[in-house]
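Asker: Mind looking at a prediction? Sequence and model below.
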Amino acid sequence: MRMIEEIKKTLKMEVRPNSEGDVYLEAVVEKRDLESLRSILIKYLGPEAKEPGKDAVFPEKVQKVVDALGGLYVGQSFFYKEEGKNILFAALWPWESNPEKITLKSGVEKV
């Protein structure tokens, strides 16, 4: 997926071992890179479907993706785009234990 490739080329991050090439990326990014990351996510997925501090309701197939990620909490944000039988997604999870770090979970799910 081009979005994951661009994120890897553009941002310095700690890629987690459960990442899978250009299909799934889980990484820790610094808060100072958040605007650059958001810019890439918006370019590929459109605006946030769930903004931090707000609730959101998703179609059932998208909710299954959200549930597989462990759900979304108030401070987290979520982007997605449906392409044919795929859902491209990205979740941003700010750390409570260290406000300077954010976990990114991004990938594609077949539905």
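Answerer: Received, thanks.

Asker: Tell me who's in contact with residue 4.
Answerer: Applying CB atoms under 8 Å, 6 or more residues apart in numbering, we find residue 4 in contact with 21, 22, 23, 24, 25, 106, 107. Just so you know, the C-beta spots here come from the backbone N, C-alpha and C atoms, and that holds for glycine as well.

Asker: so which pair among those is furthest apart in space?
Answerer: For the contacts of residue 4, the farthest-apart pair by CB to CB is 21 and 106; their separation is 12.2 Å.

Asker: Which stretches in this structure count as helices?
Answerer: 2-10, 34-45, 60-68 (DSSP state H).

Asker: Take these and write them to CSV, including mean pLDDT and distance to residue 101.
Answerer: Shown next, in CSV, are the helices of the chain (pLDDT from 0 to 100; distance: least, CB to CB, whole Å):
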stretch, mean pLDDT, distance to residue 101
helix 2-10, 95, 16
helix 34-45, 97, 10
helix 60-68, 95, 21
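
Asker: Can you say which of those helices is nearest to residue 88?
Answerer: Ranking those by their distance to residue 88 (criterion: CB to CB) puts helix 34-45 first, at 5.9 Å.

Asker: Now do the closest one: which elements does it pack against?
Answerer: With contacts taken as 3 or more CB pairs under 8 Å, 6 or more residues apart in numbering; DSSP states H and E, helix 34-45 sits against helix 2-10, strand 77-83, strand 86-94, strand 101-110.

Asker: Show me what the second one is packed up against.
Answerer: By that I understand strand 77-83. Partner elements for strand 77-83 (3+ CB pairs under 8 Å, 6+ apart): helix 34-45, helix 60-68, strand 86-94.

Asker: Sort out which residues of that strand are buried, please.
Answerer: Buried positions in strand 77-83, judged by neighbour count with 16 or more other CB atoms under 10 Å: 77, 78, 79, 80, 81.

Asker: Which member of the residues you listed is positioned nearest residue 100?
Answerer: Of all the buried residues of strand 77-83, residue 77 has the smallest distance to residue 100: 16.9 Å, by CB to CB.
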